[in-house]
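Asks: Just a sequence and a predicted model for now, questions to come.
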Amino acid sequence: MNPKLTVITPNYNKGDAVIQCVQSVLNQSFEDWEFIFIDDGSTDGSFEKAIESADGDERCLFLKNTTGIKGGNASRNLGIEQSKSELIIFLDSDDLMMENCLMDRNRDFEANPDLDFIVYPMGIFNDTIGDSDFISNIPTSTPDLHRFLDRDVVWLISGPIWRKSTLESLGCFDLSLHSQQDYDLHVRALIVGFKYRYIHKSPDIFYRQNTESLPRKSSQSVDHFRQRFQMILRHADLLAGAEKLGKKERLLLARYILDIAQMMRWHTKTLGKNALKEALEMWKQTYDLGLVDKNKYGVGYSYLRFKHNMMYNRLGFLQRYLEKSFRKNLGDYIFSPVNFSCRVKLSDYARN
């Protein structure tokens, strides 16, 4: 008989943190689960430590990523393929579950059989649970899709519990992305219109914030900017196909592209003049796709040339004047980072 629930954990060089992660699964009050742990070529002995910490529990399956494609998304997709249950939760190998997590989430799904996924907040910690009282995010009156498109990440990788069939319908994780794979998956689920519910309660999974990962280290690289740009274009296409590409969605997509294009200036040393050229080509797509009108395209074009011209760094007064002028003319097309994601507390929900 197949288990009711699968926990899928990708791992790469998480050291001793994997021991706590595995133990948090073994300590679950709900026992009808399988645990699939996929290692992505670790060199620090963490794969062996994870196996040892499971102490031969037959519900645990330890695999190595042999797909030929490195990265957490390839490992998660392998886990989905290998899973035998109807419900799936993703747990990173340095994160932790509370002992009633699986019991509560399984019960919520049994009470809501019409849903495709259910979402919960994640707690944040550094070394031990309780050393931070922040959570991943809180509900607001703004539609979740709009918040994601505006990079106000409403939930993190372990926030949802999924139906396996829902993940398969989405095509699982996008293997072309080296970062923001979970962001992309969540946006696609919202565009498609899968039925879900957000349950705001005390966190039952905790995200370890003080560890480093390859995606975090390289998230500002040229390749990551290019991948992110292509991701936005795919989202635009999906929105258009779902007849959801309205005025607000166009603004948010164009804003994201403009922000990536202006950040390409960070790579002028390696790309030379091609950094500006590529940035302008990215921005041109917003006009070609009808995300901006001719006037906003022209202002954005000039803005990118300004941002990429390092000469203005030596002319502080002129730089500040032009920056202020462009921001006024571009208005909402200028991205201003939100303060919600991983910067709120459970009690903050009462004020929204």
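Replies: Here it is on my side, so go on.

Asks: Any figure for the gap between Ser325 and Leu318?
Replies: Ser325 is 10 Å from Leu318, where distance means CB to CB, to the nearest Å. Glycine gets a C-beta too; all of them are placed from N, C-alpha and C.

Asks: More neighbours: which of the two?
Replies: Taking other CB atoms under 10 Å, Ser325 and Leu318 do not tie; Ser325 has more neighbours (14 against 11).

Asks: Go through the one helix or strand the more buried one maps to and flag the buried ones.
Replies: Per DSSP states H and E: Ser325 is located in helix 316-330. Neighbour-count burial for helix 316-330 flags 319, 322, 326, 329-330 (criterion: 16 or more other CB atoms under 10 Å).

Asks: Show me the residue at the heart of this protein, geometrically.
Replies: The structure's the chain has its C-alpha centroid closest to Tyr183; by CA atoms, centre = their mean the separation is 3.0 Å.

Asks: Tell me if I am right that it is in a strand.
Replies: No - judged by DSSP: H, G, I helix; E, B strand; the rest coil, Tyr183 forms no part of a strand; its state is helix.

Asks: ok, now which ones touch it?
Replies: 148, 153 (CB atoms under 8 Å, 6 or more residues apart in numbering).

Asks: per-residue confidence for it?
Replies: What the model reports as pLDDT for Tyr183 is 96.

Asks: how much space is there between it and Met231?
Replies: In terms of CB to CB, Tyr183 sits 8 Å off from Met231.

Asks: now do Asp348
Replies: Applying CB to CB, the value for Asp348 to Met231 is 29 Å.

Asks: Name the residue in those two with the higher neighbour count.
Replies: Met231 (21 against 14).

Asks: Enumerate every residue touching that one.
Replies: Met231 is in contact with 174, 177, 180, 184, counting by CB under 8 Å, 6+ apart.

Asks: give the contact list for the closest residue to Gly290 other than its chain neighbours.
Replies: Nearest residue to Gly290, sequence neighbours excluded (CB to CB, 6 or more residues apart in numbering): Arg250, at 7.2 Å. Residues in contact with Arg250 (CB under 8 Å, 6+ apart) are 290-292.

Asks: same question, Lys294
Replies: By CB under 8 Å, 6+ apart, Lys294 lies in contact with Tyr287.

Asks: which stretches of the stretch 151-300 of the chain form strands?
Replies: Using DSSP state E, counting those that start in this stretch, the strands found in the stretch 151-300 of the chain span residues 160-163, 196-198, 205-208.

Asks: With mean pLDDT, mean neighbour count and distance to Lys4 as added columns, please give those in TSV.
Replies: Below are the strands of the stretch 151-300 of the chain laid out as TSV (pLDDT from 0 to 100; neighbours: other CB atoms under 10 Å; distance: least, CB to CB, whole Å):
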stretch	mean pLDDT	mean neighbour count	distance to Lys4
strand 160-163	98	23	11
strand 196-198	97	16	19
strand 205-208	96	22	18
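
Asks: mind listing what Leu239 touches?
Replies: 191, 245, 249, 253.

Asks: show me where pLDDT drops low in the stretch 201-350 of the chain?
Replies: In the predicted model, the stretch 201-350 of the chain carries pLDDT under 70 at residues 211-218, 310-313, 338-341, 350.

Asks: so where do the helices sit in it?
Replies: 214-218, 222-241, 247-263, 268-271, 274-288, 294-308, 316-330 (DSSP state H, counting those that start in this stretch).

Asks: Pull out the buried residues from stretch 122-133.
Replies: Buried residues in stretch 122-133 (16+ other CB under 10 Å): 122-125, 129, 132.

Asks: for stretch 104-124, that is, sorry about that
Replies: Result for stretch 104-124 [16+ other CB under 10 Å]: buried residues 104-106, 108-109, 115-124.

Asks: and that stretch, how far apart are its ends?
Replies: The first and last residues of stretch 104-124 sit 19 Å apart, counting by CA to CA, to the nearest Å.

Asks: Same question for stretch 21-41.
Replies: Note: stretch 21-41 ends 18 Å apart using CA to CA.

Asks: next one: stretch 62-80
Replies: In stretch 62-80, first residue to last residue: 14 Å (CA to CA).

Asks: hmm, who's touching that stretch?
Replies: 6, 8-12, 36-41, 47, 50-51, 54, 82, 88, 90, 92, 164, 167-168, 172-175, 177-178, 181, 215.
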